[in-house]
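Engineer: sequence first, predicted coordinates after that:
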Amino acid sequence: MRMSKAFMPTLKESPAEAEVVSHKLMIRAGLIRKLGSGAYTYLPLGYRVLKKIIGIITEEMERAGAEELLMPAIQPRELWEKTGRYSLMGDILITYKDRHGKEYVLGPTHEEVITDLASREIRSYRDLPRILYQIQTKFRDEPRPRFGVLRSKEFIMKDAYSFDADENGLNASYKAMYEAYCRIFRRCGLEYVPVEADSGFMGGDVSHEFMVPAPSGEDRIAVCGTCGYSASAEVAGCGEDNSLREKPGHIEEVDTPNVSTVLEVSRFLKVKPARVIKTLIYKTDGTPVAVLLRGDHNLNEVKLARHLGTSGLSMADEALIRGLSGGPVGFSGPVGLKGVKIICDYAIKGMRNAVTGANKRDRHLTGVDPEKDFTVDQWADLRYIEEGDACPKCRKGKILLKTTIEIGHTFKLGTKYSRTLGAKYLDKDGKERLSIMGCYGIGVNRIIASLIEQSHDKDGIIWPEEIAPYRVLILILNMDYPEGVKAAEDIYKSLREKGVEVLLDDRRESAGKKFKDADLIGIPYQIIIGERSLVKGEVELAFRGARAKKEFVDCSKVAERFD
């Protein structure tokens, strides 16, 4: 491709709307352009990268035994109501009614559709195992689209689904997909970490997220440098903490005028936030519960919902809090609290002589001892893991927290969807069984942005060879130098004949402009045609991302370097 003929609009400055590096560089390098909130056009350079990633995914999926299909983006509402996800995911579903008044969902994911298909077509154990996948545009009504293609309303996703006769079959399918994901992300040049994860609205009891460490990420993972344990911060386990044991206390009610937050109370009473017990009242399926945590810890609602076995979790309103505690918001405490189940985080188990709310305005209790001064109905792991906590696996290492971007997620769904939608088969004995399912997703767009977040410098993108839009860029520094133009054309022709993807910068622009665009776009190899080297019969071969690594190559032997 000749740059003089190519549609590659680059920008000197980043647009004001771009917040993270990948968003800035994808726009500046001419990979994407914004159409509206959460919707982007892929320009030719960006689309070339996208197609290469899709090619890698396709190769690895088929290598793992998966077959490709394509399902409708338009899905009947009835399917979503059968699985209960129409109301569960209502806030992010994009729906419309056709001219006959029938309501449809623009697919954010395809579990319902693939399971409906399986219920019609998979009849016998002879039809199993089966892994089917697609690469398709998905739609979600993101409340706050941001970071370019990292969080958008329209995105491209690879989703695969496995159907097996039993748990052993599911384990084999899951392993095949897990290993395929590792190959895909390695080939795309990504540094990634697979972690234990929460299944969320997808369902199932086992899942893994594939995370890319990056400062712009909106997810966090917990990693142990000693044993290699890694998990999403939402599911990383936290055990008992006996570091705060003191002698038993003696309860005393004290004035705390105009202070209600943990920080305010700890300052007023001159105690550490860790010595305060905070009481949070929640509603779950209409039943209130009081959740107790140490003052310096944060409640993990995912863990709480899992412990309670519910998806209907919300904070209690002021009227309910007053009705249960007799006091206003901000002064709730477990002592004397009635008509509500008390669930305590494990870290409270080691506390003595603590501070709690007194269920009265401007009043707190000191010297409180859990279990002695109030009844604990249940103990549970309810908090987010913290940097420096003991590793929940080896108990020897310390936890490090890393900010990450999620690029893939795998799930063991079990029979969640096959039971609801009737995906059954006949076993060898003619008995009807439910198919055991797995689900495996990759955010295709996110791979591009995540790679850029990890692989860039102050001048622009640094692409790995396998997903770069072009492998080689030829720069003619002076278009008025006939010998240089001829040498460039000869090299361009020889590379194309060998099947090398090559971009020729034949624009009538300054050398400075060409170098800046070359670094911005990030093509791995730069062949620089300059007068000084050409008089010696040579051209300069430079490597993007390794400034010191360059060499001079005989013009007649350039093509040989790309065998």
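Structural biologist: Looks like it came in fine.

Engineer: distance from the chain centre to the helix or strand hosting residue 366, please.
Structural biologist: If you go by DSSP states H and E, residue 366 is part of strand 363-368. Averaging C-alpha positions (CA atoms, centre = their mean, to the nearest Å) puts strand 363-368 42 Å from its chain's average.

Engineer: show me what counts as buried in the next helix-or-strand element following it.
Structural biologist: The helix or strand immediately downstream of strand 363-368 is strand 378-380, counting by DSSP H and E. Across strand 378-380, burial judged by 16 or more other CB atoms under 10 Å covers residue 379. All C-beta spots, glycine's among them, are computed from the backbone N, C-alpha and C.

Engineer: tell me the first helix or strand C-terminal of strand 378-380.
Structural biologist: strand 399-414.

Engineer: which neighbouring elements make contact with that following strand?
Structural biologist: Contacts defined by 3 or more CB pairs under 8 Å, 6 or more residues apart in numbering; DSSP states H and E place strand 399-414 against helix 167-187, strand 206-213, strand 219-224, strand 436-443, helix 444-454.

Engineer: any chance of the ones you listed in TSV, plus distance to residue 314?
Structural biologist: TSV is the format used below for the helices and strands packed on strand 399-414 (distance: least, CB to CB, whole Å):
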stretch	distance to residue 314
helix 167-187	33
strand 206-213	24
strand 219-224	23
strand 436-443	27
helix 444-454	30
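
Engineer: can you put these in CSV and add distance to residue 103, mean neighbour count and mean pLDDT?
Structural biologist: Output for the helices and strands packed on strand 399-414, formatted as CSV (distance: least, CB to CB, whole Å; neighbours: other CB atoms under 10 Å; pLDDT from 0 to 100):
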stretch, distance to residue 103, mean neighbour count, mean pLDDT
helix 167-187, 33, 19, 97
strand 206-213, 30, 23, 91
strand 219-224, 33, 22, 92
strand 436-443, 24, 26, 96
helix 444-454, 28, 26, 96
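
Engineer: for residue 486, which of the ones you listed is the nearest?
Structural biologist: Nearest to residue 486, of all these, is helix 444-454, at 35.7 Å by CB to CB.

Engineer: now for the closest one, which elements pack on it?
Structural biologist: helix 21-28, helix 44-63, strand 154-164, strand 206-213, strand 399-414.

Engineer: for residue 531, find the nearest of the ones you listed.
Structural biologist: helix 44-63 (29.1 Å).

Engineer: tilt between that closest one and strand 154-164?
Structural biologist: 0 degrees (axes from the mean of the first three to the mean of the last three CA atoms, to 10 degrees).

Engineer: show residues contacting helix 44-63.
Structural biologist: With contact meaning CB atoms under 8 Å, 6 or more residues apart in numbering, helix 44-63 is reached by 6-8, 26, 29-32, 42, 68, 133, 135, 156, 158, 160, 180, 183-184, 187-188, 442, 444-445, 447-448, 463, 466-470, 521.

Engineer: the residues you listed, buried ones only, as a PyMOL selection?
Structural biologist: For the buried members of these, the matching PyMOL selection, counting by 16+ other CB under 10 Å, is:
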select buried, resi 6+8+26+29+30+31+32+42+133+135+156+158+160+180+184+187+188+442+444+445+447+448+463+467+468+469+470+521
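
Engineer: direction included, what does the strand holding residue 366 pair up with?
Structural biologist: strand 252-255 (antiparallel), strand 354-357 (antiparallel) (DSSP bridges).

Engineer: distance from the last one to the middle of the chain?
Structural biologist: Relative to the centre of its chain, strand 354-357 is centred 38 Å away, using CA atoms, centre = their mean.
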